[in-house]
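A.B. asks: Predicted model, plus sequence, below.
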Amino acid sequence: MSAVRLAMVGCGQISERFFRQAAARDDVTFVATCARRLENAERKAREHGVERWYDDYDRMFDELRPDGVVVTTPHSVHAAPCISALRRGIHVLNEKPMATSFADCRAMVDAADASGALLMCLPLDHNPAFLTLLMLMNEAVIGKFTGAEASLLIPGPPRDNWYYDRSVAQGGAMLDCLVYPLSRLISLLGPARWVTARVNTLLPKRVVADGKRVNSDVDDNVTLIVEWETGQQAVVRTLWGTSFSRNDTVVYGRKGTLWLSGGSVVLHSPQQPAPLGVPIEPIEWQGFRDCYRIAPRPETPNESHIDHFVNCICAGETPRCNGQLQLHVHEILFAAYVAAETGRTQELTTSFEPWHTVDREFFDTRSDYV
């Protein structure tokens, strides 16, 4: 197959990692860049040896007909270029969040379904640590699934641009950060049924990088309770107000617990030895004994975002972080805003088919003594 031809819409800092990832492959080439300001598109194109640049993505799509497009614009400008590309049959890799309204998220999925083009929406969760946790997340290792927690806590974005301006961002920590731990939980455990939430702006007057003072009107303090059909609940948390950064996930079982923290997986297994067949290191973890650090298997795939996108294009396969999965994740996010405003739990209406097997027996806590 000839090289996969990609275009970039959005030429800010976030676009850099996709250019770097593409440069690591010899079967991918960027053929154009596009930005609201033509000079920004030209600058980015010249930095990466790209021959064409535009300030109109419709024109770019029509003139060049790339195989795929990577969208890295600010959050509120994700939907329009994605839908434009998908309607032309151009595959899309879209940065998180999917969009800033649930209607736009659904329109993106509908456009992909109508054209048959691939829609890949970040976050991409299946890194080696995630796959290792998934391998251990079963009844034999931790017993019946009983609950979960996930959080992403940071001091706050250091830049004083649109992140703190609701009129531009159309969402704060919920859409920018909570999407990561929530997506990870939903990717692991499958579609949920209900959500309730508390959301507020805790720090409206902020000091950011270089001591600059910023007036913020976006949400920066968010807690969700997500519940599955079988009754298990997860607390999902983000806060732009800590002195350190924390990004971890905990899956509780009746007989053991799994932590995913950074690139590490830790198993607490007080009732039985750690499973054989995986590299383990006995440790004490957060004051608990009977814990084991589980190393990812050497053969565990470690695809970059561009790797997964291009591999799916070449193989004609659905991305693991596909539109249907992220439509469900984003329904939870937008329903959480409603739950916080009304004080009422919201029932979810969307679903998706997980790319891995979710054992229903693992969720069944009611048919026998456990």
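C.D. replies: Now that the structure is in, tell me what you want to look at. Note that the structure is predicted; figures quoted are calculated from it, not measured.

A.B. asks: So what's the residue count around E227?
C.D. replies: Close neighbours of E227, defined as other CB atoms under 10 Å, add up to 18. For every residue, glycine as well, the C-beta is placed using N, CA and C.

A.B. asks: In contact with it, which residues?
C.D. replies: A192, R193, W194, V195, Q233, A234 (CB atoms under 8 Å, 6 or more residues apart in numbering).

A.B. asks: now it, which residues is it bridged with?
C.D. replies: According to DSSP bridges, the partner residues bridging E227 are W194, Q233.

A.B. asks: Could you report the separation of it from V195?
C.D. replies: 7 Å (CB to CB, to the nearest Å).

A.B. asks: Quick one, grab the pLDDT at M1.
C.D. replies: Here the pLDDT value assigned to M1 is 56.

A.B. asks: er, A339 I mean
C.D. replies: 98.

A.B. asks: What of D160?
C.D. replies: For D160, pLDDT reads 75.

A.B. asks: Using the three-state scheme, assign it.
C.D. replies: coil (DSSP: H, G, I helix; E, B strand; the rest coil).

A.B. asks: That one against V208, yeah?
C.D. replies: Yes. Between D160 and V208 there is a contact at 4.9 Å, judged by CB atoms under 8 Å.

A.B. asks: Overlap in contacts, those two.
C.D. replies: With CB under 8 Å, 6+ apart, D160 and V208 have common neighbours V214.

A.B. asks: The closest residue to P155 other than its chain neighbours and R20: what is the separation?
C.D. replies: Leaving out its chain neighbours, the residue that sits closest to P155 by CB to CB, 6 or more residues apart in numbering is T242, at 6.0 Å. Distance, T242 to R20, by CB to CB: 29 Å.

A.B. asks: tally of neighbours for T132?
C.D. replies: Look at T132: counted by other CB under 10 Å, it has 23 neighbours.

A.B. asks: My guess is it contacts S264. True?
C.D. replies: No. Using CB under 8 Å, T132 makes no contact with S264, being 9.3 Å away.

A.B. asks: which sections of the protein are below the confidence cut-off?
C.D. replies: Counting by pLDDT under 70, the chain has low-confidence residues at 1, 276.

A.B. asks: hmm, 80 instead?
C.D. replies: 1, 160-162, 168-169, 274-279, 297-299 (pLDDT under 80).

A.B. asks: Helices along that one, start to end?
C.D. replies: Along the chain, counting by DSSP state H, helices occupy 15-23, 38-47, 57-64, 79-87, 102-115, 128-136, 139-142, 166-169, 173, 179-189, 305-315, 323-342, 360-363.

A.B. asks: Just name the most buried of those.
C.D. replies: Neighbour counts (mean count of other CB atoms under 10 Å) averaged over each of the helices of the chain peak at helix 173, with a mean of 27.

A.B. asks: Tell me which other helices or strands it touches.
C.D. replies: Applying 3 or more CB pairs under 8 Å, 6 or more residues apart in numbering; DSSP states H and E, we find helix 173 packed against strand 233-240.

A.B. asks: What is the end-to-end distance of stretch 280-289?
C.D. replies: For stretch 280-289, the first and last residues are 14 Å from each other (CA to CA, to the nearest Å).

A.B. asks: List the contacts of R246.
C.D. replies: S151, L152, L153, I154.

A.B. asks: Does it have any beta-bridge partners, and if so which?
C.D. replies: L153.

A.B. asks: quick one, strands of the stretch 251-370 of the chain?
C.D. replies: 257-261, 264-268, 280-285, 288-294, 346-347 (DSSP state E, counting those that start in this stretch).

A.B. asks: Among the contacts of R246, which one lies nearest to L122?
C.D. replies: The shortest approach to L122 among these belongs to L152, at 14.1 Å (CB to CB).

A.B. asks: how far away is the closest one from S183?
C.D. replies: Distance of L152 to S183, computed by CB to CB: 10 Å.

A.B. asks: One more: T73?
C.D. replies: 20 Å.

A.B. asks: for M8, same thing?
C.D. replies: 23 Å.

A.B. asks: Contacts only, for the residue nearest to P155.
C.D. replies: Per CB under 8 Å, 6+ apart, neighbours of T242: L153, I154, P155.
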